[in-house]
Structure formats: C-alpha cells, structure tokens
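Asker: prediction below, plus the sequence it came from.
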Amino acid sequence: MKSHSITNFIIILLLIFPSINVIANPINVIVNTQDKTETDFDPLTDIKVTFTLLGIRSLEKEDKYLYFKEYVDKLSKPDFYVKITINDETKKSKVWFNTAYVYDPDFSFEVNVPDDEEYVDIKIQLWDWNLGLNKLCDISGDTSYFKDGYDVEITYSIKYGVWWGDDHNEGPNSIIPTDPSGYGRLNGCDDGSIYQHERDCELWFTITQNDFDGDGIPYWVEQNLFFSDPKVDDRGRDDDQDLVPYEWEYKWGHQCYQDWHSGEMKHYWIYHPFEPDDHTKFDPEDDGLNNYEEYLVSSYDSDPFRKDLYVELDMMEQTTFPEKSKELLRTVYNRRNIVFHLDDGCMGGQDIIPFDENCSFDDVQNIYNNYFLHNDENNWRRGIFHYGLLTYEVDASAPGYCFRSDAYQISYMGMLRKARIPHFKKEIVFASGYMHECGHTLGIFNGNTPGCDDPLSKSPIQINWWKWLPYKSVMNYGYIYRMLDYSDGRRGKNDFDDWNRLDLSYFDNYQ
C-alpha cells in the first residue's frame, strides 16, 4: 500500500492549478476527459432527487445519574416531525407522537429537478410538535447560538450523485471541516452540547437520484469518469479484485473540496473501482474494522470514516434484556459518535442459549465457541462483533469479563438483585452493567485506570469511595448500576478520560 501522501501532493497541485480536474486514489491519478454531455446530465432519464428519512433518536442526557428523563419535551416524550425543502419545494412529515425513537418512518420526498443544473439545495429540519408552540430540535454541529444553527443545509450534485455541506463524506485526507457523525447521519451533540439541554437529536437519512440502470451511479460519472455502461447495472462487480465491489468504492471513495481560486467544487476518489486497494489494511477511523469488514456490514449502517461498535447479544432461556436498556445504550454511545449496533436478532446473529442455572468459566467459554463462533475460529463475525452474553446466573469462576478480549457476560439474576436496591432502576442497572463489561473489551481496566474495578470503592463506608468520587464512570464500582456514561476526565485529580481513551481495536488485537 502506498502512502496517502500522494493524495496530499495531488490536492496541493489542485490548489495551485485549479484548472486541473483529476480523480485520485493512493495508487494512481486519472486525468478526466472532456465531458461527453452538453447540458443534460442524464439523457437516459428525467432526473428526480429523493430524500429518504431512515430514523430519528433523542440524544438528551439523563437528569443527574439516578433518574432518566426526556428533555426534548419536558411534558412528555417527543412528538417528532421533519420538514424537508428541496430547491423551492417543501414537504412536512406526519407527527410521530410520544416517542424518543423513530424507526422505519416511511417518509420520503421526491422532487423533479432540472436535468441541466448540477446543484440541488436541500434543507433538513427536525421539530417537536406542541399544541401552539412547535420547537426546532438540534441536529447540527453548528455552534451558532441562533436557531438556524439547529437545522442542516446541504448541496447535492446530480452530476456526481453525492452531497456536501453540513453533512458530508469524511475521508482520511478530507479538506472539508470534519463531520464526525458520518455520512447520512446528523448529530446535534456535535456542537459540544452533550451535557446541555438543547433538544439534541440524531437523524439518519439518504439522498438518491434515479438512473436508467438502477445501480445508483449517475450517468455522468459512468460516462466520463469510470467509463462503464450507464445502461448496465454494475452493482457487485469487482474488476480490480480487491474484495470490495464497484458501488462501495464509488460511494465511500469519493472526496471533494472547494477550490479557493474559482469557488468550484473539485472531486477525486481515494478508492477507485478499477484500481486495486488493500482494503484489509485500511482502517482510517481506527475502530477495529478494516474497509473489507466495513463492507461486510454495510447493510447494517457501517461508515468507514466514523467509529462503529457492533455487539451481538445472546440470551439464555428464562432471561430478558429490557428494551429500554438497549435504547439507553444506543443513545449514550451515539451521542459521542461511536454508533452502537446491537444485534439482538436484527442482524441475523442472536441465539437463545439453553437454560443453565449456574454457569462456570468453562460453560461461558463453551457458549462463546458454540453460539458466537459456531465452532469456527475463522467465523466472519469474529473481529467485527463484540460478544455480550446474558446468562441466567454464574459462579465465582466466571466474572463479567472472563473470556476472550472480544467477549463479556452479565447475569440476569445479578442485575435483578441490583435493581431491587432503593432508587435503582432496572433499565439503568442492565444497561450500566452491560456498558461496564463492554468497556473492558475497549481497553479500560484496573491496570491502566486505577479507579476502575476497585473493590474498595463500592460504597461511602469504604476507604476509596471518596478518592474515586471525581471518576464519574460506569467503570467505577461506586457509580456502576446507578448511571450510564463513561467519564471524560474533566473533573480534575482522580478522574480519568475514558471516552478519549477507548480503544475500539483492542478486542481485535488481543484475541
């Protein structure tokens, strides 16, 4: 693999000589030919641009650490709706009443756009409906104090089939300011308001245009850049035999920037569909998933330039994992742009383990081998998914983080016993225990964080309770089961910055 320094050199040349238009990847440079189109960017079809809403989530923090409250709407759960403007046309969705999480919203907005004008202006707004007083929710990384800093404005190109602006594809050498929430995902916490109540929310979407062959690659790109047939569906082809198909490299390889001389957008590809890249070696966001693995889970919302955390949840018979606990886990990680993907059957991986009243160390090892690896050390899910098991009960030989660096367990009965403590909430207990053990697979443990797993810090009557009080983290026995967060190290002495020390590749390096 050649260094990305070649790409950096090309970009410098582009800034000096803005008339040059190139496509580049870490291996080669391809100079564009003259456009074969005159005014119509797709003579095979009448171009329509479609915005599709994929999901919405409230990202508001719990009140203190004992009680969880929704802060988008103080009187109830949010009543979300979206308002989308494409060029000069606007469409408003229905209202999803009394829910903080909207899945499968079944909302899209299609607009017939001029075929001879490259750019389409799109504005996205998320609202909380209230009788007589609707409130705009924050889905932007804009730090402006004005309300227009809450919505998102992007520019879509019918020529290239991509968009940029308040949301864009964040590559390893991107010149555009960073977008840590990922392509097609908006996060109101990106302005630093994680612990302030600004009606912060998360919104997932995609923007597409119709094309003759239905492969999602615009006519102009096929004709002028890739020299493929715009009448043939190219999805799945892998001409360069680098294990990643044409359409994935087209989408995630694209980068663009605005030339400061001409004001025009310049486009290039760091991954090219017809030049081989060693995708098994690329992990630009350092989340433990190389590009090939990102492709394998691309149908499960992976993004090669944003951190993704995949966990398979297997449960033993006669156990249940609260649905609210799953949502709390997604929220606490997603706020930090570590997108938490919990496979509770939705990704084809969950198994129901036969009941065992009291598991030993050997039992949980066997469960890992039989139900996660399926007795195959080379199972493709190993190295992509962490394994978070819910047992019924375990003996002293099987603590939570007791087998493999990519696996952990919590016991159903152990969580229920904690939930019986006054002021403890069952949903917080299950989620907090799960997050604590997952933290070990992300490289946080007593050896590098003294306040983690200290047995003398469980209650105020123990000697180290007060010592580690600033370390407000589920990794601290003094806070586990009562809160749901890692610490960010901002409380001075005896605090530790878990969030910035999480090593998402840890589980992959030490198996």
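Answerer: Alright, I've got the coordinates.

Asker: which ones are touching residue 488?
Answerer: Taking Cβ atoms under 8 Å, 6 or more residues apart in numbering, we find residue 488 in contact with 497-500. Quick note: C-beta positions are derived from backbone N, CA and C, even for glycine.

Asker: and those, which two are furthest apart?
Answerer: Among these, the pair separated by the greatest distance (Cβ to Cβ) is 498 and 500, at 7.7 Å.

Asker: okay, these two: which has more neighbours?
Answerer: Regarding residue 498 and residue 500, a neighbour count based on other Cβ atoms under 10 Å identifies residue 498 as having more, with 25 against 10.

Asker: ok, that one - contacts?
Answerer: 439, 444, 449, 473, 475, 486-489.

Asker: how about a cut-off of 7 Å?
Answerer: Listed by Cβ atoms under 7 Å, 6 or more residues apart in numbering, the contact partners of residue 498 are 439, 444, 473, 475, 486-487.

Asker: per-residue confidence at it?
Answerer: We note a pLDDT of 98 for residue 498 in this prediction.

Asker: and it, backbone torsions?
Answerer: phi -60, psi -50 (degrees, to the nearest 10).

Asker: next one: residue 247
Answerer: Main-chain dihedrals, residue 247, degrees, to the nearest 10: phi -70, psi -30.

Asker: can you check residue 85 too?
Answerer: The phi/psi pair for residue 85 (degrees, to the nearest 10) is phi -120, psi 120.

Asker: against residue 93, how distant is it?
Answerer: Separation of residue 85 from residue 93 (Cβ to Cβ, to the nearest Å) stands at 13 Å.

Asker: from what I can see residue 307 touches residue 340, true?
Answerer: No: the criterion here is Cβ atoms under 7 Å, and residue 307 misses it with residue 340 at 10.0 Å.

Asker: any chance of the contacts of residue 488 in a markdown table with distance to residue 365 as columns?
Answerer: A markdown table is the format used below for these (distance: Cβ to Cβ, whole Å):
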| residue | distance to residue 365 |
| --- | --- |
| 497 | 33 |
| 498 | 28 |
| 499 | 31 |
| 500 | 33 |
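
Asker: which members of those residues occur in helices, if any?
Answerer: Cross-referencing those against helices under DSSP state H gives no overlap.

Asker: looking at the residues you listed, spot the one nearest residue 336.
Answerer: residue 499 (5.9 Å).

Asker: one step back: from the contacts of residue 498, pick the one nearest residue 417.
Answerer: residue 475 (20.4 Å).

Asker: so what's the closest one up against?
Answerer: Going by Cβ under 7 Å, 6+ apart, residue 475 touches 436, 439, 444, 449, 452, 486, 498.

Asker: how about the longest helix along the chain: buried residues?
Answerer: Longest helix of the chain, by residue count under DSSP H: helix 426-441. Neighbour counts over helix 426-441 (16 or more other Cβ atoms under 10 Å) mark 427-441 as buried.

Asker: packing partners of that helix?
Answerer: On a contact count with 3 or more Cβ pairs under 7 Å, 6 or more residues apart in numbering; DSSP states H and E, helix 426-441 meets helix 323-334, strand 385-391, strand 407-411, helix 412-419.

Asker: contacts for it?
Answerer: Under the criterion Cβ under 7 Å, 6+ apart, residues 68, 311, 321-322, 324-325, 328-329, 386, 388, 400-401, 405-406, 408, 410, 415, 418-419, 474-475, 480-484, 486, 498, 506-507 lie in contact with helix 426-441.

Asker: so where is the stretch 1-150 of the chain shaky, pLDDT-wise?
Answerer: For the stretch 1-150 of the chain, the stretches with pLDDT under 70 are 1-38, 61-75, 145-148.

Asker: where do the helices sit along it?
Answerer: Using DSSP state H, counting those that start in this stretch, the helices found in the stretch 1-150 of the chain span residues 5-16.

Asker: for the stretch 251-400 of the chain, same thing?
Answerer: 291-296, 323-334, 361-367.

Asker: highest mean neighbour count out of those?
Answerer: Most buried of the helices of the stretch 251-400 of the chain by mean neighbour count (mean count of other Cβ atoms under 10 Å) is helix 291-296; its value is a mean of 21.

Asker: relative to residue 305, how far out is residue 180?
Answerer: Distance from residue 180 to residue 305, by Cβ to Cβ: 9 Å.

Asker: nearest residue to the residue positioned nearest the centre of the chain other than its sequence neighbours?
Answerer: In the chain, the residue lying closest to the centroid (Cα atoms, centre = their mean) is residue 339, at 3.4 Å. Take residue 339 and drop its neighbours on the chain: the residue closest to it by Cβ to Cβ, 6 or more residues apart in numbering is residue 308, 5.1 Å away.

Asker: count of neighbours near the one you found?
Answerer: For residue 308, the neighbour count with other Cβ under 10 Å is 25.

Asker: who does residue 125 form a beta bridge with?
Answerer: For residue 125, the beta-bridge partners under DSSP bridges are residue 83.

Asker: and it, what does it touch?
Answerer: 82-83, 136, 151.

Asker: out of the residues you listed, which comes closest to residue 349?
Answerer: Of these, the one sitting nearest to residue 349 (Cβ to Cβ) turns out to be residue 82, at 31.3 Å.

Asker: for that closest one, which non-adjacent residue is closest in space?
Answerer: Per Cβ to Cβ, 6+ apart, closest to residue 82 is residue 93, 4.7 Å.

Asker: how close does the residue lying closest to residue 56 once chain neighbours are set aside sit to residue 202?
Answerer: Distances taken as Cβ to Cβ, 6+ apart put residue 102 closest to residue 56, at 4.0 Å, once the chain neighbours are dropped. From residue 102 over to residue 202 the distance is 10 Å, taken as Cβ to Cβ.

Asker: repeat for residue 55
Answerer: Shown here: residue 55 relative to residue 202, a distance of 8 Å by Cβ to Cβ.

Asker: neighbours around residue 344, how many?
Answerer: Neighbours of residue 344 (other Cβ under 10 Å): 15.

Asker: tell me if I'm right that it and residue 350 touch.
Answerer: Yes: taking Cβ under 7 Å as the definition, residue 344 is a contact partner of residue 350 at 5.5 Å.

Asker: thinking again about what came up before, neighbour count winner among residue 55 and residue 202?
Answerer: residue 202 (25 against 15).

Asker: next up, phi/psi of that one, please.
Answerer: Reported as degrees, to the nearest 10, the phi and psi values for residue 202 are phi -120, psi 140.

Asker: same question, the one 3 residues further on
Answerer: Recorded main-chain torsions at residue 205 are phi -160, psi 170, according to degrees, to the nearest 10.
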